[in-house]
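Peer 1: Everything below, folded, please.
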Amino acid sequence: MSHEHTEPTMSDDRPTVPGANADAMSSGASALPPMVDGTEWSRRDLLRLGGVGALMAAAGSLTGCKTRLIHLDERETLPLTGAPLAGPRPSGAFRLVHFTDIHIKPEHNAEQGTRTALRHVRQTAPDAQLLITGGDLLMDAMDQTKERTSEYWSIFQRVLKDEWKGPVEHCIGNHDIWGWGKEKSKTTGSEPLWGKKWWMQMVNKQRTYGSFDQGPWHIVILDSVQPYLDGYQGGLDEEQFAWLENDLANVAPGRFTLIVSHIPILSMGMIDCDARKPPEPGPRREGFHIGIGAIMMDAHRLLRLFQKHPHVKACLSGHIHIVEHLRYLGIDFFCSGAVCGMWWRDFAANREFMTKRHRQGDVPVELRPARADPGYAVVDLHPDGRVTSVYHTFAWTPSK
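Peer 2: Model (predicted):
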């Protein structure tokens, strides 16, 4: 299978700001400093992104977002054009693998697919110094029973133990949260492991966000999933945002900052894939609407915060199964595809799925791009503040 590629792009040379070192986080398998205890989320008002089309149009360069259209009269499509692998780790760089959107489950050969992906990492990026799982370790624990979710976790733990011996950090995704869809999951909300607690127990965390230093880099891992009705929305709760303000204000002089979240802060790809028009147009209702779970609903305040801190150089995300590189306000926004590709399905099965779920106002199915081929990103954090990311696909034939 060919390789999608996010072109190496140089972050700007903005000066850093003074301060002291901040919180740390770690998982049981990592030698990095432990995460400082904290709290989870609080329900907050929905903050909508008005004029998102204009915001994205002002974003400037968008590279590496190579897609395939869904042709309803074709059973398959041609593979994406190839690009070289990341190659050896550059001198002085810290190399991590962004391994996002695994969606482990017993069906569709997902376990073997994940094993193949981790073995591919070991072969093509043996000099990687950290694995970051970018969220959605599981396939939709939000709507699953306790028994089904337990099966997911058993598979994930078995695979990670067998296939990865190095340091690992975890970022929580919406599909990792157990039981928020109470009706389907048959939960009440009073279960000891309900919500994000099961994820925290399984990855050995005291809270769902934190930060740590690695050489000249400060790495922040956020919890971008907050409750909304019986589902979720993208963003930070007020307590986490206050923590982030303090964390960024206390980054030591000379350090650069990488932000990791499951849900993207910004994404042009979501306009292409999921922006919808209101089914009943009317005054002030024209234009595209973005779902509250598609990108961060508090992107405005996050961007203003980042502008106060020029040491913020790049943001990594997953969630939308797209390979994307967007540069805005001097910050590189990378979306790193998905280990599971199109949810471990083949192209025809995914096309059929999207056809069935199509609603009035959605992007026409024949104009929607396919999501990324199964893969992961090799990310280099350079000592001069540059960030480069290359998406590696691996030889995997999805289940039909």
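Peer 1: is it fair to say His392 lies in a strand?
Peer 2: Yes. Counting by DSSP: H, G, I helix; E, B strand; the rest coil, His392 is found in a strand.
Peer 1: Okay, and the beta partners of Tyr232?
Peer 2: Pro227 (DSSP bridges).
Peer 1: any idea how far it lies from Asp143?
Peer 2: Separation of Tyr232 from Asp143 (CB to CB, to the nearest Å): 11 Å. (C-beta placed from N, C-alpha, C; glycine too.)
Peer 1: Show the model's pLDDT score for Asp373.
Peer 2: On pLDDT, Asp373 comes in at 89.
Peer 1: I'd say it and Val339 touch.
Peer 2: No. In this structure Asp373 lies outside contact range of Val339 using CB atoms under 8 Å: 10.5 Å.
Peer 1: Which of these two has more residues huddled nearby?
Peer 2: Val339 (32 against 25; other CB atoms under 10 Å).
Peer 1: That one touches Ile104, doesn't it?
Peer 2: No. Using CB under 8 Å, Val339 is not in contact with Ile104; the gap is 9.2 Å.
Peer 1: Give the residues shared as contacts by those two.
Peer 2: Thr114 (CB atoms under 8 Å, 6 or more residues apart in numbering).
Peer 1: All the helices of the stretch 151-300 of the chain, residue numbers only.
Peer 2: Per DSSP state H, counting those that start in this stretch, the stretch 151-300 of the chain carries helices over the ranges 182-185, 197-202, 238-249, 269-273, 299-308.
Peer 1: Please name every helix or strand in contact with the last one.
Peer 2: For helix 299-308, the helices and strands in contact under the criterion 3 or more CB pairs under 8 Å, 6 or more residues apart in numbering; DSSP states H and E are helix 238-249.
Peer 1: again, only using 10 Å
Peer 2: Secondary-structure packing of helix 299-308 (3 or more CB pairs under 10 Å, 6 or more residues apart in numbering; DSSP states H and E): helix 52-57, helix 238-249, strand 256-260, strand 312-317, strand 331-336.
Peer 1: Now tabulate these in JSON lines and tack on distance to Gly291, mean neighbour count and mean pLDDT.
Peer 2: Below are the helices and strands packed on helix 299-308 laid out as JSON lines (distance: least, CB to CB, whole Å; neighbours: other CB atoms under 10 Å; pLDDT from 0 to 100):
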{"stretch": "helix 52-57", "distance to Gly291": "11", "mean neighbour count": "16", "mean pLDDT": "32"}
{"stretch": "helix 238-249", "distance to Gly291": "21", "mean neighbour count": "17", "mean pLDDT": "98"}
{"stretch": "strand 256-260", "distance to Gly291": "22", "mean neighbour count": "25", "mean pLDDT": "98"}
{"stretch": "strand 312-317", "distance to Gly291": "15", "mean neighbour count": "27", "mean pLDDT": "98"}
{"stretch": "strand 331-336", "distance to Gly291": "16", "mean neighbour count": "26", "mean pLDDT": "98"}
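Peer 1: Tabulate the ones you listed in TSV, adding columns for distance to Phe394.
Peer 2: Formatted as TSV, those follow (distance: least, CB to CB, whole Å):
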stretch	distance to Phe394
helix 52-57	30
helix 238-249	34
strand 256-260	22
strand 312-317	19
strand 331-336	14
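Peer 1: Which of those sits closest to Glu324?
Peer 2: strand 331-336 (4.0 Å; CB to CB).
Peer 1: Paired strands for that closest one, with orientation please.
Peer 2: strand 312-317 (parallel), strand 323-328 (antiparallel).
Peer 1: For the next helix or strand after it, what is the distance to the chain centroid?
Peer 2: Downstream of strand 331-336, the first helix or strand assigned by DSSP states H and E is helix 347-356. Centroid separation for helix 347-356 versus its chain: 22 Å, with CA atoms, centre = their mean, to the nearest Å.
Peer 1: Tell me the buried residues in helix 347-356?
Peer 2: Neighbour-count burial for helix 347-356, counted by 16 or more other CB atoms under 10 Å, picks out Phe347, Ala349, Asn350, Arg351, Met354.
Peer 1: Please look at the last one and Leu367 and confirm they touch.
Peer 2: No. Using CB atoms under 10 Å, Met354 and Leu367 do not qualify as a contacting pair, with a distance of 11.2 Å.
Peer 1: measure the most centrally placed residue in the chain to Arg89 for me?
Peer 2: The structure's the chain has its C-alpha centroid closest to Gly318; by CA atoms, centre = their mean the separation is 2.0 Å. Separation of Gly318 from Arg89 (CB to CB): 22 Å.
Peer 1: same check, this time on Arg386
Peer 2: Arg386 is 14 Å from Arg89, by CB to CB.
Peer 1: now Ser261
Peer 2: Look at Ser261 and Arg89: by CB to CB, they are 24 Å apart.
Peer 1: So these two - more neighbours on which side?
Peer 2: Neighbours per residue (other CB under 10 Å) separate Ser261 from Arg89, with Ser261 holding more: 28 against 16.
Peer 1: So which helix or strand of this protein has the lowest pLDDT on average?
Peer 2: Here the helix or strand of the chain ranked lowest by mean pLDDT, DSSP states H and E is strand 62-63, holding a mean of 30.
Peer 1: Next secondary structure element downstream of it?
Peer 2: Assigned by DSSP H and E, the successor of strand 62-63 is strand 94-99.
Peer 1: Now do that following strand: distance to the chain's middle.
Peer 2: 13 Å.
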